[in-house]
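>>> 3D model of this:
(chains A and B)
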Amino acid sequence: MSHIPNTGSAAVPLDAAAEATRAPEVITFPKGLPGFETCRAFVLIAPQGETIVQCLRSVEGPAASFLVIDPRRAMAGYRCELSNADRERLQASTDGPLLWLSLVTLEENGTIVVNLRAPVVINPTTMLGAQVIPHHCLYPLRHVLVSAE
Amino acid sequence: MLVFTRRRRQSIRIGDGIEVQVLRVGRDGVRLGVVAPPEVPVHRQEVYEQIREANRTAAGSPQDVSLVARRLGRACE
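Sure, this is the predicted structure:
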């Protein structure tokens, strides 16, 4: 069973994402993302000095770009388990580190929401990624982080 | 689309490893059991569609990292 550990050897530190983006290596999403099935290659970009919000950008096929944050920043104690099917897709070992990201939407009225229901999970060892829909962590699809100004 | 008539406890098989069995037939719905290989994700269609819609909205929203970060930073402090 895999989850987002808060401590322990498998923990991914909050700055791991920044770490991973120093060289924008291509992350392969074999099935794309729902709605963006033909986008198979992404890079994770952290604008200089930026530690909270990053950009997951498609570099092959149709243009697509998403703002992402660590789900634990959006909700303290966020904890999700990866199903065997998803573990298989990411070729993830049971104790290797995984990077969990949640898609952020800046809505027209300024509300900022985050999708905690279907996180993007990246295996930094294989550089494989997938948007997963865990059966047992029913977090909201539209969690309001900042209300309209 | 292939159409089958199945009764309780009867199944259909898809490819090598996928089996869909009718567990119960009720007035309001049919309860199905799915056996699939570990690498095949199985989801309700509507869940997948909601996520697809949310993704499209997310990709269509302004990709303004610094604005979002500034406002989130204030919210998370």
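>>> can you pull the buried residues of stretch A:27-42?
Going by neighbour count (16 or more other Cβ atoms under 10 Å in any protein chain shown), the buried part of stretch A:27-42 is A:Ile27, A:Phe29, A:Gly32, A:Leu33, A:Pro34, A:Gly35, A:Phe36, A:Cys39, A:Arg40, A:Ala41, A:Phe42. Every residue, glycine included, has its C-beta placed from N, CA and C.
>>> My error: substitute stretch B:42-57 in the last question.
Neighbour counts over stretch B:42-57 (16+ other Cβ under 10 Å) mark B:Gln50, B:Ile51, B:Arg52, B:Ala54, B:Asn55, B:Arg56, B:Thr57 as buried.
>>> Go ahead and name everything in contact with that stretch.
If you take Cβ atoms under 8 Å, 6 or more residues apart in numbering or on different chains as the criterion, stretch B:42-57 is touched by A:33-36, A:66, A:85, A:103, A:105, A:107, A:115, A:117-118, A:131, A:133, A:141-142, B:34, B:36.
>>> Export the buried residues of stretch B:42-57 as a markdown table, with columns for pLDDT and secondary structure.
Output for the buried residues of stretch B:42-57, formatted as a markdown table (pLDDT from 0 to 100; DSSP: H, G, I helix; E, B strand; the rest coil):
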| residue | pLDDT | secondary structure |
| --- | --- | --- |
| B:Gln50 | 94 | helix |
| B:Ile51 | 95 | helix |
| B:Arg52 | 96 | helix |
| B:Ala54 | 96 | helix |
| B:Asn55 | 97 | helix |
| B:Arg56 | 95 | helix |
| B:Thr57 | 94 | helix |
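>>> now those residues in a markdown table, with distance to A:Thr51?
A markdown table is the format used below for the buried residues of stretch B:42-57 (distance: Cβ to Cβ, whole Å):
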| residue | distance to A:Thr51 |
| --- | --- |
| B:Gln50 | 30 |
| B:Ile51 | 27 |
| B:Arg52 | 30 |
| B:Ala54 | 25 |
| B:Asn55 | 24 |
| B:Arg56 | 27 |
| B:Thr57 | 25 |
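>>> quick one on the thing from earlier: quick one: which of the buried residues of stretch A:27-42 is nearest B:Arg24?
For those, the residue nearest B:Arg24 by Cβ to Cβ is A:Pro34; the value is 29.4 Å.
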